[in-house]
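Peer 1: just need the structure, nothing else, for what follows:
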Amino acid sequence: MPPVFAHGRLRLYLLKLLDEAPRHGYEVIRLLEERFHGLYAPSAGTVYPRLAKLEAEGLVTHATEGGRKVYSITDAGRAELAGRSGELADLEQEIRESVSELAAEIRDDVRGAAGKLRSEMRAAASETRTHRTSWQEQARRAQEESRKAREEAKRARHQAEEARDAARREMQRIAQQVQDHIASGEWPSALSDLTGRLSGLFAGGTPPTAARPSRAEPEPPAWEDVPATGDPARDLERLLDRFRDDIRDAARDHGVTPAQLSEARRHLSTAAAHITALLRGPHT
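Peer 2: Next comes the predicted model:
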């Protein structure tokens, strides 16, 4: 920005302001700011040294009022001001032009700042829309994955319920058959049939059901090598030993998974409950 006052012009304008009325230094600074509509305000370091120089030249004088210097123009100062009236008119025109130039520069700066701000706001809005679209896509995918997971869990629960129902029906059927054998006094046949069916349940991890007719019924183990002694209690004890040995051998040979152990515990508990109930019933 070019200087507001050319060389020597501020000195001339200070004489003009003091010719209007006596003023202290701060008032001179405030008047200059008003004349330039707030677009220019000289510093104290600019004004006070020039007032002191004008006083040294005898063009102004000062009086102290309330601890402050109040400057007044002298007759010599008025004479110089009158002799430079044409130059003073030019100075007034220059001030008006300077104000216009300063205002134009400020408008340009404001427009530039506003344009930059608009560009930054548009960029921020575009980035926000991009992030929002990305977030919406991620939310949609997460919702779809959640829906698929719920459906899969629902299918797994349904399959588990079907397996439990099938195992319960199978155990009831086995228990009824064992009860029939025991009621007829066929202890070896009853335990042999129970062991064979339980072995069939554990071998595949799931019990045979009506929904799987293609799976062959496992053959019960032959326990002819456990002959009857004529003492039912003794025969039952020997058959239970054989039952335990067969199950233990199957577990050792093929291993046991946690799922199979859980199913085995449930089946054995059910079978034990049925057999115990039979043994506690009336004897014939």
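Peer 1: what is the least confident helix or strand in the protein?
Peer 2: For the chain, counting by mean pLDDT, DSSP states H and E, helix 187-204 ranks last in confidence among helices and strands (a mean of 60).
Peer 1: and whichever helix or strand comes after that helix, what other elements does it pack with?
Peer 2: Remark: after helix 187-204, the chain's next helix or strand is helix 232-254, criterion DSSP states H and E. In terms of contacts (3 or more C-beta pairs under 8 Å, 6 or more residues apart in numbering; DSSP states H and E), helix 232-254 is packed against helix 187-204. No exception for glycine: its C-beta is placed from N, CA and C like everyone else's.
Peer 1: please repeat the previous calculation with a cut-off of 10 Å.
Peer 2: helix 187-204, helix 258-280 (3 or more C-beta pairs under 10 Å, 6 or more residues apart in numbering; DSSP states H and E).
Peer 1: centre of the chain to that helix, how far?
Peer 2: Distance of helix 232-254 from its chain centroid, counting by C-alpha atoms, centre = their mean, to the nearest Å, is 60 Å.
Peer 1: now it against helix 258-280, angle please.
Peer 2: With axes from the mean of the first three to the mean of the last three C-alpha atoms, to 10 degrees as the basis, helix 232-254 and helix 258-280 are set at 170 degrees to each other.
Peer 1: how about the CA coordinates for helix 232-254, as CSV?
Peer 2: Provided in CSV are the C-alpha atoms of helix 232-254 (Å, rounded to 0.1, in the frame of the first residue of the first chain):
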residue,chain,number,x,y,z
PRO,A,232,-30.1,-111.7,38.5
ALA,A,233,-28.3,-109.2,40.7
ARG,A,234,-24.9,-110.8,39.9
ASP,A,235,-25.8,-111.0,36.2
LEU,A,236,-26.8,-107.3,36.2
GLU,A,237,-23.5,-106.3,37.8
ARG,A,238,-21.5,-108.3,35.2
LEU,A,239,-23.5,-106.8,32.4
LEU,A,240,-22.9,-103.3,33.7
ASP,A,241,-19.2,-104.0,33.9
ARG,A,242,-19.3,-105.1,30.2
PHE,A,243,-21.4,-102.0,29.3
ARG,A,244,-18.7,-99.8,31.0
ASP,A,245,-15.9,-101.6,29.2
ASP,A,246,-17.5,-101.3,25.8
ILE,A,247,-18.1,-97.6,26.2
ARG,A,248,-14.6,-96.9,27.6
ASP,A,249,-13.0,-98.9,24.7
ALA,A,250,-15.0,-96.9,22.1
ALA,A,251,-13.9,-93.6,23.7
ARG,A,252,-10.3,-94.7,23.8
ASP,A,253,-10.3,-95.9,20.2
HIS,A,254,-12.2,-93.0,18.6
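Peer 1: buried residues in that helix?
Peer 2: By 16 or more other C-beta atoms under 10 Å, the buried positions in helix 232-254 come out as 235, 236, 238, 239, 242, 243, 246, 247, 250.
Peer 1: any stretches of the stretch 1-150 of the chain with poor pLDDT?
Peer 2: Low-confidence segments of the stretch 1-150 of the chain (pLDDT under 70): 1-8, 99-104, 106-107.
Peer 1: all helices of it, in order?
Peer 2: 9-20, 25-35, 44-56, 75-83, 85-183 (DSSP state H, counting those that start in this stretch).
Peer 1: which strands and helices sit next to the shortest one?
Peer 2: Right, the one you point to is helix 75-83. By 3+ C-beta pairs under 10 Å, 6+ apart, helix 75-83 packs against helix 9-20, helix 44-56, strand 60-65, strand 68-73, helix 85-183.
Peer 1: try it again with 6 Å
Peer 2: Taking 3 or more C-beta pairs under 6 Å, 6 or more residues apart in numbering; DSSP states H and E as contact, the helices and strands that helix 75-83 lies on are helix 9-20.
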